[in-house]
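Peer 1: Just the structure for this:
(one chain, ligands or ions: 1)
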Amino acid sequence: MNRSLVTIADHTREKIEYLIQMATEFERHPNRRLLEGKVVATLFFEPSTRTRLSFETAANRLGARVIGFADPKVTSGTKGETLKDTIMMVSNYADIIVMRHYLEGAARYASEVAPVPIVNAGDGANQHPSQTMLDLYSIYKTQGTLDNLNIFLVGDLKYGRTVHSLIMAMRHFNPTFHFIAPDELQMPQHYKDYCHEHSINYVEHKEFDADIISQADILYMTRVQRERFTDLIEYERVKDSYLLKMPLLAKARKNLKILHPLPRVNEIEYAIDETPHAYYFQQAGNGLFARQALICDALDITLEDVLKDTTIIG
Ligand code: CP
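Peer 2: Next up is the predicted model:
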């Protein structure tokens with residue numbers, strides 16, 4: 001069985017709930033020796049702060065060793081080595097490969113050629129399933145449920161792979177999505193088709209004001225992804241379309257939480273960090289526990305193994 005994580009769409013409701021339970025156990029006791037003797041490779045062909053460091057922390061806190069690179073310019077890819085050969089080589093050294101790549105479909109391809117599990121840490125504008133697991137964990141922790149929520153996705157819905165993955169994962173939980181994006185960065189049609197196929201409710205808005213935000217349980221802000229634009233004039237035109245400022249929260253629900261995969265540029269004003277609605281830094285912190293669960297799952301370490309674990313430190 002291929003235990004790779006390429007897309008969150010492969011996971012059932014039960015599997016998502018199971019991984020949330022495992023993440024909860026890791027949040028209670030993150031320091032263990034469960035992965036003693038294992039080697040985790042992190043291959044990052046695109047820049048990252050949170051995803052790479054939280055995967056590496058997850059592995060280190062469970063007793064694994066970590067190898068890898070954060071910059072492909074220091075690898076033999078610069079000499080012409082193919083992705084396939086790189087993956088085959090690293091499979092000789094590591095028990096699992098966490099990979100971020102700029103090409104959509106790269107993780108799927110790697111999972112088909114690698115003898116070890118691949119965890120997709122983001123492939124182009126396509127999917128970011130480990131981010132989605134930490135998003136789901138964050139939503140569950142703050143709302144007490146994943147069911148029947150009003151989730152607003154704001155900003156770059158075209159290139160934002162985190163929102164694409166989130167839609168797919170939420171199909172089990174009867175959400176209502178609200179899409180707010182400039183014309184140039186609308187949710188791609190195939191994700192809207194996905195919503196239709198899976199009976200996911202969605203509404204598209206142009207307004208972004210206190211009245212609209214008053215309906216939200218989750219306000220998921222995203223950065224306009226400069227690196228995906230071929231025309232920087234177009235980037236300049238749309239980058240400030242939807243900025244979250246304090247007056248927009250005047251009618252917010254008490255339970256409203258603002259999420260953001262980060263990094264932030266200017267789409268959430270700093271004063272909002274001090275409000276009880278801001279949750280993006282805790283969200284990034286939850287990434288450690290969600291990724292501990294994902295690494296264990298890919299290595300066939302079960303929730304039962306985690307519950308019976310006697311290697312807890314501290
Ligand atoms: N959320 C996220 O993927 O952040 P990084 O690009 O810093 O990994």
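Peer 1: how much space is there between the residue nearest to Leu149 when sequence neighbours are not counted and Glu267?
Peer 2: In this structure, Leu149 finds its nearest non-sequential neighbour in Asp217, 4.5 Å apart by Cβ to Cβ, 6 or more residues apart in numbering. Just so you know, the C-beta spots here come from the backbone N, C-alpha and C atoms, and that holds for glycine as well. Counting by Cβ to Cβ, to the nearest Å, the gap from Asp217 to Glu267 is 19 Å.
Peer 1: Identify the residues contacting the residue in the stretch 101-250 of the chain that the ligand sits nearest to.
Peer 2: Per Cβ to the nearest ligand atom, Gln131 is where the stretch 101-250 of the chain lies closest to the ligand, at 5.3 Å. By Cβ atoms under 8 Å, 6 or more residues apart in numbering, the residues touching Gln131 are 51, 122, 161-162, 165, 261, 287.
Peer 1: got JSON lines for those residues, with neighbour count too?
Peer 2: Formatted as JSON lines, the contacts of Gln131 follow (neighbours: other Cβ atoms under 10 Å):
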{"residue": "Thr51", "neighbour count": "25"}
{"residue": "Gly122", "neighbour count": "26"}
{"residue": "Arg161", "neighbour count": "24"}
{"residue": "Thr162", "neighbour count": "23"}
{"residue": "Ser165", "neighbour count": "26"}
{"residue": "Pro261", "neighbour count": "27"}
{"residue": "Gly287", "neighbour count": "27"}
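Peer 1: quick one: contacts for the residue nearest to Leu149?
Peer 2: Contact analysis of Asp217 by Cβ under 8 Å, 6+ apart lists 143, 149-151, 253, 255-257.
Peer 1: Quick check on these: which are buried?
Peer 2: In the contacts of Asp217, burial by neighbour count holds for 143, 149-151, 256-257, counting by 16 or more other Cβ atoms under 10 Å.
Peer 1: can you count the residues close to Tyr102?
Peer 2: Tyr102 has 15 neighbours, counted by other Cβ atoms under 10 Å.
Peer 1: swap in Leu103?
Peer 2: When counting by other Cβ under 10 Å, one arrives at 13 neighbours for Leu103.
Peer 1: ok, so what distance separates the spatially closest residue to it that is not a sequence neighbour from His277?
Peer 2: Once flanking residues are discounted, Leu103 sits nearest to Gly124: 5.5 Å by Cβ to Cβ, 6+ apart. Distance of Gly124 to His277, computed by Cβ to Cβ: 31 Å.
Peer 1: Looking at the record's assignment, how would you partition the protein?
Peer 2: The chain resolves into domains spanning 8-128+287-308, 129-283 when parsed by automatic domain parsing.
Peer 1: which residues in this protein form strands?
Peer 2: 39-44, 65-69, 96-101, 118-123, 150-154, 176-180, 201-205, 218-221, 257-259 (DSSP state E).
Peer 1: Would you format the ones you listed as TSV with mean pLDDT and distance to Ala23 included?
Peer 2: TSV is the format used below for the strands of the chain (pLDDT from 0 to 100; distance: least, Cβ to Cβ, whole Å):
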stretch	mean pLDDT	distance to Ala23
strand 39-44	98	17
strand 65-69	98	20
strand 96-101	98	16
strand 118-123	97	15
strand 150-154	98	20
strand 176-180	98	23
strand 201-205	96	27
strand 218-221	98	18
strand 257-259	98	16
